[in-house]
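Asks: Structure here, sequence nowhere to be found:
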């Protein structure tokens, strides 16, 4: 058999142009956006996208530097050209947005043919080119397609480029035009980085969408607004506004934990927030002359967190339905504190220079999901928490509609009140009384819901502990017996090397089993059947048991603790689990904030002090961590308020409810250590 060798050349089929357009361009509005970006790259100050009255043609015209014949033949006739890749900026100094040269693919996606006209100045010879995309079929090879061009001749065009896309492949609907307007209105950064580039849209029959593309007036009237900058070390400067007035300034405030810095690099953000209930939107709708329904529709279209790089939006972040930060899931876990995606219109500003690892995916839609991408998510949420905390502080605390249990639907009398006000008139005395009654019923239901949620949580905790206590007992017993048998067999072995290796390992296993056994004994009072049972015990023993629960994490983080108590035992009679739950919450919080402020493994101190008082006792837990910011001290015992990144905000709230039958839980500003200090006061029903 004769062997053959040689070389050959790849010959792409002409249909590759259409295939690439379909893969790189997800839809028609994105294709138009790409053509607008090309106009920006051409140093245009003005670009217009005009649709014909019958919807068959689209003309995109700009006043940029235009193209001569050499540029057309060397760029448009070279798919994948390096012309923009060699130079990062345009002659005017603009950072190229269409760096991969896919304008021709966008036009192929939009229409059956493209008529290109361009001129570098009013006195130069113009260039015209006709691309019949239908000729780029399945049968032909790319190098076989001939494209007609002409230089000179009459050309009704000054300086710039005009693209006429004939035979639009898609029938554009009203929703499509609205979507295009929305995309174009958010294309340019709201940080006013670009002030010399105007986009205009002309849609026959839609005067509301025609003219200079601008954002809806509503977006200029948020209830809350935060402008912030996060530097490379994780320090944060910002200004928070409420109702347009400055309410708070942030200066060099550290975000994240000690020693943590944003791997994504520095960024700037602007967050605008609305309350979407009628109380929040009625005044705004009246001010703008719109209905609440229309206001909500606009928020639905524009809400989300967009990313802008070097002045232009990175698609699809901030697109309707693109909750890339999973804000809705975060809000469902804590609806009172956390903001949902449809309440926010936000922008994040990055650049290629300062955020080099935030790179485009190969599809040009979105960023590569790497460490820098994850860091951008994390650190933006750190900033978002600042505006959430302020909103929580100034907004009435009540359950959202989504948070209500079906059990309480029978108490919803809104329809009845509406009917009464309609029938009697809003000023009628009876209607006013019914409205007042509705408010009182709602307040009562909200309080009952809070207690109901606490009872469910407490009951669920007891049941879970029951299961753990029951299920862990059998395997611990079996392992203990097997270890004993194995230890006996090893010691009877005549192999000294085996004894030398295995016996220390068995000793370690027995130690770990003892820890599990002690933990099981420690959890026993938390079972559903024993949680409320009063027993007699020494308070110091319970404090010691609580720290023993955390001894592994305390040791790993180099956190030391100290327990001070009277020489004589402080014996009380109460539900031991109640004291344990309060203490566990305080110690757990202290450990978290020590690690957060000092850094992992960097130590810290926790001090617990037991004191007697008339009719009972107190336990004070303090630490040398960051403490509770003054502005948060009125909220820390409220349900769902938290500063922890993934916290639910129920720990201190439940601890306060648990202690209520016996006394109270308070925050002290005069603690023995410089950080946080909580005092649990037990003054009722605990004395022997």
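Replies: Looks like it came in fine. Everything quoted here is computed from the prediction, not taken from an experiment.

Asks: could you point out which element follows the worst-scoring helix or strand of the chain on mean pLDDT?
Replies: When the helices and strands of the chain are scored by mean pLDDT, DSSP states H and E, helix 83-86 comes last with a mean of 52. Scanning forward in sequence from helix 83-86 by DSSP states H and E, the next helix or strand is helix 103-110.

Asks: What is that next one packed up against?
Replies: If contacts are counted by 3 or more CB pairs under 8 Å, 6 or more residues apart in numbering; DSSP states H and E, helix 103-110 sits against helix 16-24, helix 28-41, strand 111-119, strand 127-132, strand 160-168. For the C-beta atoms, the positions are set from N, CA and C on the backbone; glycine is no exception.

Asks: Nearest to residue 277 among those would be which one?
Replies: For residue 277, the closest of these is helix 28-41, at 31.8 Å, according to CB to CB.

Asks: Can you check what angle separates the closest one from strand 160-168?
Replies: 170 degrees (axes from the mean of the first three to the mean of the last three CA atoms, to 10 degrees).

Asks: Parallel or antiparallel, which strands does the following helix or strand past helix 28-41 pair with?
Replies: Per DSSP H and E, the first helix or strand lying C-terminal to helix 28-41 is strand 46-51. Strand 46-51 pairs in its sheet with strand 57-62 (antiparallel), strand 198-202 (parallel), by DSSP bridges.

Asks: Run through who's touching the longest one.
Replies: So that's strand 57-62. 32, 35-36, 39, 42, 44, 46-52, 110-111, 157, 160-168 (CB atoms under 8 Å, 6 or more residues apart in numbering).

Asks: Using neighbour counts, trim the residues you listed to the buried set.
Replies: Among those, the ones that count as buried by 16 or more other CB atoms under 10 Å are 32, 35-36, 39, 42, 44, 46-51, 110-111, 157, 160-166, 168.

Asks: Which residues are in contact with the residue nearest the centre of the chain?
Replies: Nearest to the geometric centre of the chain sits residue 325, at 3.4 Å (CA atoms, centre = their mean). Neighbouring residues of residue 325 by CB under 8 Å, 6+ apart: 305, 341, 377, 380-381.

Asks: Where strands are concerned, which of those count?
Replies: residue 305 (DSSP state E).

Asks: okay if I get the contacts of residue 325 as TSV plus neighbour count, pLDDT and distance to residue 6?
Replies: Compiled in TSV, those are given as follows (neighbours: other CB atoms under 10 Å; pLDDT from 0 to 100; distance: CB to CB, whole Å):
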residue	neighbour count	pLDDT	distance to residue 6
305	23	95	55
341	22	93	58
377	14	94	52
380	22	96	56
381	19	94	59
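
Asks: between the contacts of residue 325, which is nearest residue 572?
Replies: residue 381 (42.8 Å).

Asks: wait, what's in contact with the closest one?
Replies: 325, 330, 645.

Asks: how about a cut-off of 7 Å?
Replies: Going by CB atoms under 7 Å, 6 or more residues apart in numbering, residue 381 touches residue 325.

Asks: any idea how far it lies from residue 162?
Replies: According to CB to CB, to the nearest Å, residue 381 stands 45 Å off from residue 162.

Asks: just residue 65 next, same as before
Replies: From residue 65 to residue 162 the distance is 14 Å (CB to CB).

Asks: cool, residue 644 as well?
Replies: From residue 644 to residue 162 the distance is 57 Å (CB to CB).

Asks: go on, residue 665?
Replies: 72 Å.

Asks: ditto for residue 502
Replies: Counting by CB to CB, the gap from residue 502 to residue 162 is 85 Å.

Asks: for residue 639, same thing?
Replies: 61 Å.

Asks: Residue 299 now?
Replies: Residue 299 is 37 Å from residue 162, by CB to CB.

Asks: Please apply the same query to residue 553.
Replies: Taking CB to CB, one finds residue 553 at 68 Å from residue 162.
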